[in-house]
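Participant: Sequence below, structure please.
(one chain, ligands or ions: 1)
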Amino acid sequence: MTSLQDIVSLAKRRGFIFPGSEIYGGFKGFWDYGPLGVELKNNLKRLWWQTMVYDREDVVGLDAAITMNPQVWEASGHVAAFTDPLVECKNCHKRFRADHVVAKKKLSAADLTGEDKLLLFCSKGEEHDFTEPKVFNLLTEVCLGTTEPKQKAYLRGEITQGVFVNFQNVVSSTRVKIPFGIAQIGKAFRNEITPGNFTYRSREFEQMELEFFVTPDDKESQRWFTYWKEQRMNWYVDLGMNPKHLRFREHAPDERAHYAKAAEDIEFEAPFGWSEFEGIHHRGNWDLSRHKLTYKDESGEEYIPWVIETSGGVDRSALFFLLNAYHHDGKRTILKLHPQLAPFKVAVFPLLANKEKLITLAQKVKTELSRSFITAWDDRGNIGKRYLAQDEIGTPFCITVDFDSLKDDSVTVRDRDTTKQDRVAIPKLQDYLSPKLE
Ligand code: GAP
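Facilitator: Numbering: from 1, shown residues only. Now for the predicted structure:
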């Protein structure tokens, strides 16, 4: 099985993900996406938006502010209830999430690796001596304004509330009618007690969410809950996630967030165990009633709609797509990313870097292809090494311009997954690649 360390080192080496503020020793729970990471994340977000907004008649988009009037968070219940239980070791003063400690205590000593051990033992190997759990609020505070005391506000702990506070604006400015949804992608912030497992638990992360408004009816809301569960699971499978490493997990009543009537997670079998990366939540009328918002239908009937939410993490999805795609066969490391997710779709190589005619033709091929596909260029080292370098970042096709190309106007196209090579006429490249990449 791929280890988390395989991905951490590939991500750093090839420019997917770097530790945040690295030259100052890093900053716990913050990560920066490099040239390839930003492409992967943008692809994920673009494909999500395509499926959830453009391909549908019943969903519109929104981009709300990250910082909102603090009253929003009072009303939404986050100031009172967006909490995790915190314990502190009386000896070493390290702080942990009590529920994580309890979960690790169930593991046998042999299963305990570095991070797990840290949860249970002080540096000298003795068990931590924990305080009673305290309630710890995860909202990140910010101070605004020019006069003292400055105004306290919060960075949003979930992107969701921006949708609810704009519910009336969207209804009155568009032609949406229930059932309909509002989709949003954006950053959220949580003062996590124990960030960890690479980007899995960060303090700054991106969410992609749909709030889908339905009539307040048990049967109708259940139908949509089931519908969205299936839609979301299929989306990950269609983009190449191995269904064997995916499952649904229903939340027990005592585990649900303060707003949820019902909740199921989509989980991935990560090296650190089955882990949530998207939640489907039945939020009932919790949020709209807290913000005192209602909806009037065409017949004039006024009611508070119920909400079915799909809430995915862009960073966790990116991490799990990388874990899912990583293959090592002894000689090659290959990222078998779905072509739509791959940062580059094609790479073009001139066989030799010092032959002007080869370079000129290869550059012409690259310029043509770049109009349709994100295309990489490599003229360093030998062709074998260039193939290996592209395999490692998931580029589906490599194209080599050689001496025969100067005579027959054809190039060699090599497939990442099969390593099979085809000779293709340059004018036919677009037709050859398009169906394979789309
Ligand atoms: N609006 C509902 C909501 O925020 P959530 O289950 O708390 O629900 C949804 O979060 C998704 O956001 C998670 O499934 C995960 O993908 C992502 N997420 C939550 N906390 C995270 C963190 N600390 N680091 C990275 N991603 C996180």
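
Participant: State the distance from residue 424 to residue 60.
Facilitator: 42 Å (CB to CB, to the nearest Å). All C-beta spots, glycine's among them, are computed from the backbone N, C-alpha and C.

Participant: Can you pull the phi/psi pair for the nearest residue to residue 256 once chain neighbours are set aside?
Facilitator: Take residue 256 and drop its neighbours on the chain: the residue closest to it by CB to CB, 6 or more residues apart in numbering is residue 263, 5.1 Å away. When read as degrees, to the nearest 10, the backbone of residue 263 gives phi -150, psi 140.

Participant: can you count the residues close to residue 263?
Facilitator: The number of residues packed near residue 263 is 23, by other CB atoms under 10 Å.

Participant: And the strands in the stretch 201-350 of the chain, which stretches?
Facilitator: Secondary structure of the stretch 201-350 of the chain (DSSP state E, counting those that start in this stretch): strands at 204-214, 246-250, 262-270, 273-284, 295-296, 302-303, 306-313, 326-328, 333-335, 346-350.

Participant: Distance to the ligand and mean pLDDT added to those, as a markdown table?
Facilitator: Formatted as a markdown table, those follow (distance: least, CB to the nearest ligand atom, whole Å; pLDDT from 0 to 100):
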| stretch | distance to the ligand | mean pLDDT |
| --- | --- | --- |
| strand 204-214 | 4 | 98 |
| strand 246-250 | 11 | 97 |
| strand 262-270 | 7 | 97 |
| strand 273-284 | 4 | 97 |
| strand 295-296 | 20 | 98 |
| strand 302-303 | 23 | 98 |
| strand 306-313 | 2 | 98 |
| strand 326-328 | 20 | 97 |
| strand 333-335 | 21 | 98 |
| strand 346-350 | 31 | 98 |
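
Participant: Any chance of JSON lines for these, columns distance to residue 42?
Facilitator: JSON lines is the format used below for the strands of the stretch 201-350 of the chain (distance: least, CB to CB, whole Å):
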{"stretch": "strand 204-214", "distance to residue 42": "11"}
{"stretch": "strand 246-250", "distance to residue 42": "23"}
{"stretch": "strand 262-270", "distance to residue 42": "21"}
{"stretch": "strand 273-284", "distance to residue 42": "18"}
{"stretch": "strand 295-296", "distance to residue 42": "34"}
{"stretch": "strand 302-303", "distance to residue 42": "39"}
{"stretch": "strand 306-313", "distance to residue 42": "15"}
{"stretch": "strand 326-328", "distance to residue 42": "20"}
{"stretch": "strand 333-335", "distance to residue 42": "17"}
{"stretch": "strand 346-350", "distance to residue 42": "17"}
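
Participant: In a strand, residue 15, correct?
Facilitator: No - going by DSSP: H, G, I helix; E, B strand; the rest coil, the assignment for residue 15 is coil, not a strand.

Participant: quick one: the residue nearest to it when sequence neighbours are not counted from residue 355, how far?
Facilitator: Leaving out its chain neighbours, the residue that sits closest to residue 15 by CB to CB, 6+ apart is residue 34, at 3.6 Å. Applying CB to CB, the value for residue 34 to residue 355 is 32 Å.
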